[in-house]
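Enquirer: coords below, sequence missing:
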């Protein structure tokens, strides 16, 4: 990794005057703005890390600071982007870029061609260092935008001119592979390398732009938000912000309620058998009562979500909520369906930003057609996933019950209900419309308890009063 | 501020970590080595998260072996409590002691039965009281209840434990603590704050090749490369359970045992069950890598 290529300012990472503590504090501030909640103790840790590791090896400093400041897996990408801004690999054009500058032809078109050739060589050789250097050079040569006073660097423009994806076929051919499987693998690898290059170009452009426009501004505008902040609902932004804001206090509220309930449950009913047994030592007089042991564990939750277009937003949000509540349950399993049911627990746990889209793409939730069929979906659950449901399980069905005039299959829902501890249905449609048109909501409501759930308020009332059962 | 280094488990530098871990069969990436070094120097617990099979538990083992420290392990599970994690009194032995000494005074008996002899040490107390260098592994922390996290906070924050009958027991040396978690449950912020964080993901291809070579001696170079490449391609597919490093090693072993010297579509198809653990994944992988068409053509 090329470190501190420019030393004109005397200090590593080209700091003109701001000392390390100030820089760390500013970086922590930027992280906080991006939703990574580092406190003062983390900042102190970070400073100690910098002290122990020194500033000579940028790669290690990055890993070390990440260990002190990052708190969970999904935050690393944000951290890396912010780190690049506050501890840049160099200032201005790196030494390698400036050395290469002389070789580049003056004519813009020739320049692009030359860089594309070099990129092709780097991709063929799978040379990571060359890719990195090339990203810097490409941004320097192709990414300049704006005129005097408003100069900056654009990753988008760089990539538009460089067009790396058009090189894939040629590189695959050139790298060639004797094995039959080889070609298939090579194509994947080249694509991944191109993705890497794109990320490198974005980072380089961010760094160069930050020098011109100030780090704080770049940290605010150019660093992507962490996954958990991104929108996955089809609702508008303001609505979504409100929903998200509701999740945290809700989960905390529920956690406290549950803890209290569990404490209360610790002194359960009197265990007559053991009380009498103990009374033998006092001549049959039961002096000390023995209480029944508390029920040992947390309930399990199975979520059955309609992810078809009409209610996908609602399901997506509820899944997010349940993920936040996951520590209140021993086990949470999420089944999604349109008309075929598939388990998506892993996808939900990964916390993907485009959850519902990911489910629709990666899980098998549709069969022959693309519209909801609750009957088929419930039959699937009763057939394939019934062992997920037991006497400690609460089942939540999320959906509007609009069945496209198919068979509602009440029997399957009954079987699910009978096996579970309790089953609830949350319906995002207003109560007045249940049973109208192709809605089977009224019929389903005769089998399980159905709740209207259109607003955050209704959802939170349900969660805090009824769940977990 | 608690800055005392973990005694006995110190490393001279990040490079020293790499060499010494490699000597006991653990190939550490740059981020692993840096974080382990920092945890040792700063004396902070190390929280390791990441998918199953990436060597979280093995890291604790390796650190212990590399530094000649003893490994004390607390396996967490739902319902693990203070008595299982910290200490409990040996009631049976206490009763025996009381029945054996019928004639003595009450005071003598009372002080007696709550002494060292009747104390059963559990992993946390053991780790704190050990005189020798110690690595404490708290495995699968996310499986334990929230209450246990509270207990861990006390123990890991000050490295001391209070037993009402005996008083406060302070650590004679600070153990090197590794907590692992599969992130099935969010750990509390308080616990996270006290730890250095390491996200252990599947290694870079070059490192994974080295790991395979280390664990499967005698394997062909070219075969190693193609195994790692195919596994990387599999990880790119939307699978229920993406293959972990241990599965890569298993696969390499299988191929070596089968006497395969190169990896073609047919071989991959026949041995896919070693790497993938769900039938649906096998189906998906066959479609994703075009194995059926490739095998037919071959």
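Expert: Nice, thanks for sending it over. Just so it is clear, the model here is predicted, and its values are computed rather than measured.
Enquirer: Show me which helix runs longest in chain A.
Expert: helix A:180-213 (DSSP state H).
Enquirer: and the residue nearest to residue A:188 when sequence neighbours are not counted, what does it touch?
Expert: Leaving aside its sequence neighbours, residue A:188 sits nearest to residue B:233 (CB to CB, 6 or more residues apart in numbering or on different chains; 5.1 Å). Any C-beta I mention is one placed from the backbone N, CA and C, and that applies to glycine too. Listed by CB atoms under 8 Å, 6 or more residues apart in numbering or on different chains, the contact partners of residue B:233 are A:184-185, A:188, B:288-289.
Enquirer: which one among the residues you listed gets closest to residue B:270?
Expert: The nearest member of the contacts of residue B:233 to residue B:270, counting by CB to CB, is residue B:289 at 13.5 Å.
Enquirer: Tell me the pLDDT of the closest residue to the closest one other than its chain neighbours.
Expert: Excluding its sequence neighbours, the residue lying closest to residue B:289 (CB to CB, 6+ apart) is residue A:184, at 5.8 Å. We have a pLDDT of 75 for residue A:184.
Enquirer: likewise residue A:126?
Expert: Value for residue A:126, per-residue pLDDT: 83.
Enquirer: for residue A:236, same thing?
Expert: For residue A:236, the pLDDT comes out at 43.
Enquirer: and what of the one 10 residues further on?
Expert: Per-residue pLDDT puts residue A:246 at 57.
Enquirer: and chain A, what are its domains?
Expert: Under the assignment the TED database, the domains of chain A span A:20-86, A:108-220, A:240-269+A:296-466.
Enquirer: Residue B:265: which of those is closest?
Expert: Among these, domain A:108-220 comes nearest to residue B:265, with 5.0 Å by CB to CB.
Enquirer: Enumerate the positions of the longest helix of chain A that are buried.
Expert: Neighbour counts over helix A:180-213 (16 or more other CB atoms under 10 Å in any protein chain shown) mark A:180-190, A:193-194, A:197-198, A:200-211, A:213 as buried.
Enquirer: now do stretch A:140-148
Expert: Neighbour-count burial for stretch A:140-148 flags A:140-143 (criterion: 16+ other CB under 10 Å).
Enquirer: and these, which of them are in helices?
Expert: The members of the buried residues of stretch A:140-148 that map onto helices under DSSP H are A:140-142.
Enquirer: In contact with the residue nearest in space to the middle of chain B, which residues?
Expert: Nearest residue to the geometric centre of chain B (CA atoms, centre = their mean): residue B:57, 1.7 Å. For residue B:57, the contacting residues are B:137, B:139, B:180, by CB under 8 Å, 6+ apart.
Enquirer: That one: which element?
Expert: Assigned by DSSP states H and E, residue B:57 belongs to helix B:56-67.
Enquirer: quick one on the thing from earlier: any figure for the gap between the residue nearest to the centre of chain B and chain A?
Expert: Using CB to the nearest CB, to the nearest Å, we find residue B:57 at a distance of 18 Å from chain A.
Enquirer: Please apply the same query to residue B:130.
Expert: When residue B:130 is compared with chain A (using CB to the nearest CB), they lie 26 Å apart.
Enquirer: before we move on, the earlier item: turn the contacts of residue B:57 into a markdown table, columns for distance to chain A.
Expert: Formatted as a markdown table, the contacts of residue B:57 follow (distance: CB to the nearest CB, whole Å):
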| residue | distance to chain A |
| --- | --- |
| B:137 | 18 |
| B:139 | 18 |
| B:180 | 13 |
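Enquirer: which one of the residues you listed is nearest residue B:29?
Expert: residue B:180 (16.6 Å).
Enquirer: How about the secondary structure of that closest one?
Expert: Following DSSP: H, G, I helix; E, B strand; the rest coil, residue B:180 is assigned to strand.
Enquirer: so who does residue B:80 touch?
Expert: Applying CB under 8 Å, 6+ apart, the residues near residue B:80 are B:74, B:143-145, B:148.
Enquirer: got it, and residue B:212?
Expert: Neighbouring residues of residue B:212 by CB under 8 Å, 6+ apart: B:219, B:224, B:227-228, B:248-249, B:252.
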